[in-house]
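[1] Sequence and computational prediction follow.
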Amino acid sequence: MPHLSSTRAGTASTDVRTRLGIPGYAHPLLAPTEWSELSRPGTPLNWVVLNVSGGGPGTRPDPHCLEAAGRLRNAGVRVLGHLDVRYGTRDVGEVVSDAHRYADWYQVDGFLLDHCPTERTALPVLRRTVATLRALRDHAHIVLGHGTHPHPGFAECADQLVTFSGSWGDYRWSQVAEWTADHPPERFCHFVHGVPRGHLDEALRIARWQGAATIWFTDRTDRDGRTDPFEAMPGYWDDIVSRIGTGVSE
């Protein structure tokens, strides 16, 4: 990856408030405890992604998801609809149609565009897509789920970028793109699976040093790609909520 640096000057001593971004728990019927915990007062949440059915809103309103989303929104938690753009290969009309259903049925506050392309050539279509989504929902919060550092032009398209999504083994040795230093940490998100409890402080330091204010760390693993490690609550949920909520990671 070009333009990389192992450090980011000036971020380690900031007063940035770290928050949790939940990439998308399993369906509320399969993960009732997880969804219930999210509405606990004082939980340091930035947003929660709602993924109803296979990466989209489904074909009809789901009563269980309606209840979960409503409970979060009543608690003041931002809810985002999950839109899979398939690295730019999916028809924009299909993406917008899914967004309409999320907005109409679940009253979402914005969208996570998952599997987002990273190349400069994809920027024009992505800009048009985001502009349409913003017209659909006033003050829509848009997160681009690249999972790695994209071309810097993407930073002008959305509220936040997911610039890392992967394993703890890769995260420990990851580097940050130099261009990210031109933007505040509130613009960047990191999702990391397989983080052992004993390395939680180290993971939080890496996020702080690399300038990512929205994070999701879990001790769950992907079992060599067979499962989604982000669908369930980490075993140290209370611990990470306490550390972030009390500013230990700051």
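    Arrived safely, thanks for sending.

[2] In this protein, what residue spans correspond to strands?
    All strands of the chain, identified by DSSP state E, fall at 4-5, 19-22, 45-50, 79-84, 110-114, 141-145, 160-167, 176-177, 188-193, 214-217.

[3] Minimum distance to residue 244: which of the ones you listed has it?
    Closest approach to residue 244 among the strands of the chain (CB to CB): strand 19-22, 6.6 Å. In short, each C-beta sits where N, CA and C put it, glycine included.

[4] Partner strands of that closest one, with direction?
    For strand 19-22, the paired strands and their directions (DSSP bridges) read strand 45-50 (parallel), strand 214-217 (parallel).

[5] If you count neighbours, what's buried in it?
    Of the residues in strand 19-22, those buried under the neighbour-count criterion (16 or more other CB atoms under 10 Å) are 19, 20, 21, 22.

[6] Now tabulate those residues in JSON lines and tack on pLDDT.
    Conversion of the buried residues of strand 19-22 to JSON lines gives the following (pLDDT from 0 to 100):
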{"residue": "19", "pLDDT": "97"}
{"residue": "20", "pLDDT": "98"}
{"residue": "21", "pLDDT": "98"}
{"residue": "22", "pLDDT": "97"}
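
[7] from the residues you listed, which single one is nearest residue 40?
    Out of these, the one with the shortest distance to residue 40 is residue 20. That distance is 11.9 Å, counting by CB to CB.

[8] Skipping adjacent residues, who's closest to that closest one in space?
    If you skip the residues right next to it in sequence, residue 20 has residue 45 as its closest partner in space, 5.3 Å away by CB to CB, 6 or more residues apart in numbering.

[9] any idea how far residue 241 is from that neighbour?
    9 Å (CB to CB, to the nearest Å).

[10] Of the two, which one has the most company?
    A direct count of neighbours by other CB atoms under 10 Å for residue 45 and residue 241 places residue 45 higher, at 21 against 18.

[11] so what's the more buried one up against?
    By CB atoms under 8 Å, 6 or more residues apart in numbering, the residues touching residue 45 are 19, 20, 21, 22, 38, 77, 78.

[12] for the longest helix seen in the chain, which positions count as buried?
    Criterion DSSP state H: the longest helix present in the chain is helix 123-136. Of the residues in helix 123-136, those scored as buried under the neighbour-count criterion (16+ other CB under 10 Å) are 123, 126, 129, 130, 133, 134.

[13] One more: stretch 16-36?
    When neighbours are counted by 16+ other CB under 10 Å, the buried residues of stretch 16-36 are found to be 16, 18-25, 27-28, 31, 34-35.

[14] got the end-to-end distance for that stretch?
    From its first residue to its last, stretch 16-36 covers 27 Å (CA to CA, to the nearest Å).

[15] What is the distance between that stretch and the centre of its chain?
    In terms of CA atoms, centre = their mean, to the nearest Å, the gap separating the centre of stretch 16-36 from the centre of its chain is 11 Å.

[16] hmm, back to that, for the strands of the chain, which one sits closest to residue 235?
    For these, proximity to residue 235 was assessed by CB to CB; strand 214-217 is nearest, at 11.2 Å.

[17] what's stretch 104-114 in contact with?
    Applying CB under 8 Å, 6+ apart, the external contacts of stretch 104-114 come out as 23-24, 47, 49-50, 52, 55, 57, 61, 65-66, 69-70, 73, 78-85, 95, 99, 102, 126, 129-130, 133, 137, 139-145, 158-159.

[18] Swap in 6 Å and give it another go.
    Residues lying outside stretch 104-114 but in contact with it, judged by CB atoms under 6 Å, 6 or more residues apart in numbering, are 49, 61, 69, 78-85, 99, 102, 133, 140-145.

[19] Specify the stretch among the strands of the chain that is closest to residue 226.
    Set against residue 226 and scored by CB to CB, the strands of the chain come closest in strand 188-193, at 12.7 Å.

[20] name the helices or strands packed onto the closest one?
    Identification of packing neighbours for strand 188-193 by 3 or more CB pairs under 6 Å, 6 or more residues apart in numbering; DSSP states H and E yields strand 160-167, strand 214-217.
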